[in-house]
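Chemist: let me see the structure of the following:
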Amino acid sequence: MTIVEVNYDFRMKSELQKLRDIRIFLPLTSLSMHPYKLSIGLFISEFLLYATRGERENRPLFNFVAFSLEWLDGVDDGFSNFHLVFMIRLTRFLGFSPNTDSGVEGGYFDLLNACFTSEMPLHGHFLHPHEASKIGLLMRLNFQTMHLCAMSRDERNRCTEVILEYYRLHVPGFPTMKSLDVLKELFV
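Modeler: Here you go, the predicted model:
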């Protein structure tokens with residue numbers, strides 16, 4: 001993951017644009033050297049490829065991604081939940097953030113309609129109450145507080161799978177990610 005600034009000559013009739021200048025916009029030093037950060041970076045890179053495929057210029061989205069990567073690059077520990085917080089927070093910029101205001105205490109979470117409900121949805125894309133309660137928790141976390149949420153590897157992997165399923169339901173053509181298997185092995 002590298003954030004670069006690119007200047008190019010745009011020509012409407014050309015499929016290949018001519019680069020004028022390219023330089024590193026935000027130097028990230030530890031992201032490529034730390035094995036756990038590198039694995040997270042590869043996962044986030046593949047994830048962003050699919051999640052933002054149809055996006056046009058979006059300055060708030062760019063700022064969020066740049067800030068997030070800069071934060072990950074600068075932290076020494078306590079980042080095992082980074083990918084969860086990143087993926088959940090990214091939904092706000094993509095327009096399909098879970099509606100936690102509809103929270104029904106002890107209710108189901110409908111992944112398709114992005115809301116809590118007191119009754120089990122008729123389709124199969126929902127979380128049972130014991131898992132649904134984690135959605136609100138994840139929505140409240142940020143990079144500075146995520147280390148306070150202790151999870152086992154299995155819980156973290158389950159959260160990752162649920163969030164990716166949520167993206168598959170809301171982003172057309174979102175595929176199965178290849179880097180997920182590597183990420184699942186990390187962060188005991």
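Chemist: quick one, helices of this structure?
Modeler: 35-51, 59-74, 82-94, 129-140, 153-170, 180-184 (DSSP state H).
Chemist: can you tell me which of those comes nearest to Ile3?
Modeler: helix 59-74 (5.5 Å; C-beta to C-beta). C-beta coordinates here come from the backbone N, C-alpha and C atoms, glycine included.
Chemist: neighbours of the nearest residue to Leu127 once chain neighbours are set aside, how many?
Modeler: Nearest residue to Leu127 in three dimensions, chain neighbours excluded: Phe109, at 4.2 Å (C-beta to C-beta, 6 or more residues apart in numbering). Neighbour count for Phe109, taken as other C-beta atoms under 10 Å: 29.
Chemist: could you list the low-pLDDT ranges of the protein?
Modeler: Scanning the chain for pLDDT under 70 picks out 102-105, 186-188.
Chemist: biggest strand in it, by residue count?
Modeler: Ranked by residue count under DSSP state E, the longest strand found in the chain is strand 18-26.
Chemist: for beta bridges, what are the partners of the residue nearest to Pro121 when sequence neighbours are not counted?
Modeler: Residue nearest to Pro121 in three dimensions, not counting chain neighbours: Asp110, with 4.8 Å by C-beta to C-beta, 6+ apart. Going by DSSP bridges, Asp110 is paired in beta bridges with Cys115, Phe126.
Chemist: quick one: residues contacting Asp110.
Modeler: Taking C-beta atoms under 8 Å, 6 or more residues apart in numbering as the criterion, Asp110 is in contact with Phe116, Thr117, Pro121, His125, Phe126.
Chemist: what two of these are the furthest from one another?
Modeler: Applying C-beta to C-beta across the contacts of Asp110, the maximum distance is between Phe116 and His125, 13.8 Å.
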